[in-house]
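Q: sequence and predicted model, in that order:
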Amino acid sequence: MCFEINSLYTIFSLIFSLFNMLTCFSYFSSVNKGYSEIFEESEKKDESRVYCVKDHKKKDLKYSYNHIMKIFYEKFTLSNYKIALVEYANGVPHYYMTYGLFLRKVLSFSNSLNKYEGSNIPEKIYNEESNNGKFKLLGLYGSNSINWLVTDLGAMISGVTTLVMHSKFSIDVIVDILNETELEWLCIDLDLVEGLLTRINELPHLKTLIILDTLLKPKEINTKEEKENNIKINKSSIKKVKKEKSKLEDNSEDITIDQFECDNEKLERVNVLKEKWSKVGINIISFDDMTKYETADFNIKNESPDFITSIVYTSGTSGKPKGVMLSNKNFYYGVVTTSDHDVLRKFSLQKHLSYLPISHVYARMFVYLIFMSTGRINIWSKDLNFFSKDIFNSKDAVLGGVPKVFCRIYTNIMTQLDNLPVCKKCIVKGVLFLRRTFKNGCFSKGLEKVTKVSSKIRQKINPNLEVILNGGGKLSAKIADELCILLNIKYYQGYGLTEFTGPIFAQRIIDTNSEGMGGPICPSIRYKVKSWETYKASDSLPKGELLIKSNAMFNGYFLEKEFTKNCFTQDGYFVTGDVVQINKDGSLTFLDRSKGLIKLSQGEYIETDLLNNLYSQISFINNCVVYGDDSMDGPLAIISVDKSLFFKILKDDNMLEKTGIDEKNYIDKLTDDNINNNIFVDYVKVKMLEVYKKTNLNRYNVINHIYLTSQMWDTTNYLTPTLKVKRFDVFKNYAFFINDIKKIYENKLKGNIENGRK
């Protein structure tokens, strides 16, 4: 019997080894095709060779500049009755537009911008070379909505430059931008109006506000699954719809609108604002008034490839937001080349949940890519309580997001698994363990087909999900791999910058390296690295600060000539501030932010971003912000904890009696004052040490000093609209702790080591 078992084991091992060999051979054969080729040799000792897309000359011939609105116009016209956009409320569809109606709204808005009741946006002269210094600026300050997109595309047609600001910017930041740019016309969400107008005495240039909210909406909306390829708008239009049926794509859905109703509450608020502020010269216009006169006139006012069509203010993770000037050419190459990427061609882009701030280029580009495939954009409910429901109902095959979102999804899944009955939990975790052991390979896939564990988990989140695309920062490879197993999906990493109109590098379908970020997307991209601190461009795998240029590269920061100049090398490459490694196939591996690499007093370097991501994997830690400098022997950390998850882990570890908290009082007791007592601090440090021991990092990466905070971190204080941490704001507001720790090291140097511990 033992011999038979051993024989079976040997046979299985041989089969498995053979499969792995074939898989590896197939993989490396594909990878060896490479992402890029050498464009030119290095001219400087501290720089690598210049790389470009493989076969760039051939691929470059495929793309010839065309105004992006001409491309959209043709696609929208051919998909006249297909659903384009749906606004969600409370997790369900609330309001929609077909491509035909959306296009008519865009044309109507564009027409009104040029001649609304005898007034229009004034052209002003600025100290800028772009547009010959002449700009007609329209501010765009609002959350994700159909009308935001109508404004965006309408301005592109009318020759007006949108000045895009995040809806989560503080009023102080908005006031500074409006004054610096002398903005007169501003599109704004109704909920943001009163807050802005309290500062009207500081806004001498502001004259006209366009309210982005729609005041006329459907009374009821019902969705049905995809049975036919038409949309029933009302009984009188059924014949017309059937006539156009052949023009529609296969994935249209039925939507029936019963009737429209006026949003009386919003209408009353707008009327009150109009009356009140007209007395001081502020003209308030409803969006419905801007789009009430239909027109078929499609006439792009400025098709020049170099015309600045949008100025996008960055999220400001490391200082004051800057206005990134993007041209018609930038948008063409950013959108069209990305739409040809093999991941987007392989997986369906027919549905997309728009939840990241559309004022951010990453989210905006995602919407444009959906327009390229005339898919459906579902705009989320704008309420985190319904976010999970939005994801489920949107039924995206491809979910784009940022590390913070995927970390939270991962934490939620693991929390739910921990709450399963003991027997069921053991079975599920056993299956997942086996799938990890076999690295999500053939055996792992077979195990999933039998047990359907991942399928059941995915069913709770989004049964249609096939791929997650991460951008806006590096997601921990561990979490990426875990999500692939937990949900039985693919994971791809991309890299982009506002300054390059979004995506620059992305992984191809064959690239399964969760540590990498792929290769160049656009044929015009040129990239290299420059030696930086301990990273050498002369290594066999060049490492250093990433330098890039391409046709999608911005024209500079608005009204920031000196700052713009300092962001480029003498040969015209943009200095990204990111430290990367160029691999043999031309793909990139992210190493660190150049500003995130710090030197300690011993001369040792540590990567703060790496540590931030490492310790943020702990379930109850929302954010970890590491600080250090050359006066300190080791780093410290400011740690934001989630009260409910912190309580749960304390409970699981039988710490409630020791800490004096329970289910009734933990909300009140887990305050900053209490959780910085030794018992909590030591407990968290043990958890951090457990994570550290699983790495190969040296001892200088151990964090001995931490400050815990249970205060909410959101976009009103320490997070950008894309949920990145504003580290300088954190350092500023927690300077009391940083200074205390630095004094410990100062006294240590004097031979007067304090016994106190933080």
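A: Everything's here; your move.
Q: name the SS class of residue 645, please.
A: Assigned by DSSP: H, G, I helix; E, B strand; the rest coil, the conformation of residue 645 is helix.
Q: point out where the stretch 401-550 of the chain drops to low pLDDT.
A: The model of the stretch 401-550 of the chain has pLDDT under 70 over residues 440.
Q: repeat for the chain
A: Along the chain, the parts satisfying pLDDT under 70 run over 1-33, 117-118, 217-260, 316-319, 440, 595, 601-603, 749-758.
Q: so where does residue 97 fall, helix or strand?
A: If you go by DSSP states H and E, residue 97 is part of strand 92-98.
Q: sheet partners, orientation included, of that strand?
A: Here strand 92-98 is paired, per DSSP bridges, with strand 83-89 (antiparallel).
Q: who touches the strand it pairs with?
A: 76, 93-99, 101-102, 145-146, 149, 231, 252-253, 255, 374, 376-381, 386, 390, 393-394 (CB atoms under 8 Å, 6 or more residues apart in numbering). In short, each C-beta sits where N, CA and C put it, glycine included.
Q: which residues are in contact with residue 680?
A: 659, 674, 708.
Q: centre of the chain versus stretch 398-410, how much separation?
A: 9 Å (CA atoms, centre = their mean, to the nearest Å).
Q: begin at 26 from here
A: That works, and once the first residue is 26, the last one we named lands at stretch 423-435.
Q: which residues touch it?
A: With contact meaning CB under 8 Å, 6+ apart, stretch 423-435 is reached by 369, 372-374, 377-378, 381, 387-388, 391, 416, 486-487, 490-501, 504-505, 507-508, 511, 638, 641-642, 747-749.
Q: leaving out sequence neighbours, find the closest residue to residue 733.
A: residue 700 (4.5 Å; CB to CB, 6 or more residues apart in numbering).
Q: hmm, back to that, among the contacts of strand 108-114, which ones are in strands?
A: If you go by DSSP state E, these have 118-123, 280, 401-404 in strands.
Q: most neighbours out of the residues you listed, which is it?
A: The most neighbours of any of the ones in strands among the contacts of strand 108-114, using other CB atoms under 10 Å, belong to residue 404, which has 28 neighbours.
Q: beta partners of it?
A: Taking DSSP bridges as the rule, residue 404 bridges to residue 112, residue 379.
Q: from residue 378, how far off is it?
A: 8 Å (CB to CB, to the nearest Å).
Q: buried sites along the helix or strand containing residue 605?
A: Applying DSSP H and E as the criterion places residue 605 in strand 599-607. Residues 599, 601-607 are the ones in strand 599-607 that count as buried (16 or more other CB atoms under 10 Å).
Q: now these in a markdown table, with distance to residue 716?
A: Shown next, in a markdown table, are these (distance: CB to CB, whole Å):
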| residue | distance to residue 716 |
| --- | --- |
| 599 | 35 |
| 601 | 29 |
| 602 | 27 |
| 603 | 24 |
| 604 | 23 |
| 605 | 24 |
| 606 | 24 |
| 607 | 29 |
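Q: which of those sit farthest apart?
A: Farthest apart among those by CB to CB are 599 and 606. That separation is 18.8 Å.
Q: where do the strands sit along the stretch 126-275 of the chain?
A: Counting by DSSP state E, counting those that start in this stretch, one finds strands in the stretch 126-275 of the chain at the ranges 149-150, 159-160, 162-166, 186-190, 210-213, 233-236, 241-243, 246-248.
Q: now these in a markdown table, with distance to residue 346 and mean neighbour count?
A: Converted to a markdown table, the strands of the stretch 126-275 of the chain look like this (distance: least, CB to CB, whole Å; neighbours: other CB atoms under 10 Å):
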| stretch | distance to residue 346 | mean neighbour count |
| --- | --- | --- |
| strand 149-150 | 21 | 12 |
| strand 159-160 | 18 | 18 |
| strand 162-166 | 12 | 25 |
| strand 186-190 | 8 | 25 |
| strand 210-213 | 16 | 24 |
| strand 233-236 | 21 | 24 |
| strand 241-243 | 33 | 16 |
| strand 246-248 | 37 | 15 |
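Q: take those and write them to CSV, including distance to residue 658.
A: Shown next, in CSV, are the strands of the stretch 126-275 of the chain (distance: least, CB to CB, whole Å):
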stretch, distance to residue 658
strand 149-150, 54
strand 159-160, 52
strand 162-166, 46
strand 186-190, 42
strand 210-213, 50
strand 233-236, 55
strand 241-243, 61
strand 246-248, 60
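Q: looking at it, residue 207 is touching residue 231, isn't it?
A: No: the criterion here is CB atoms under 8 Å, and residue 207 misses it with residue 231 at 9.3 Å.
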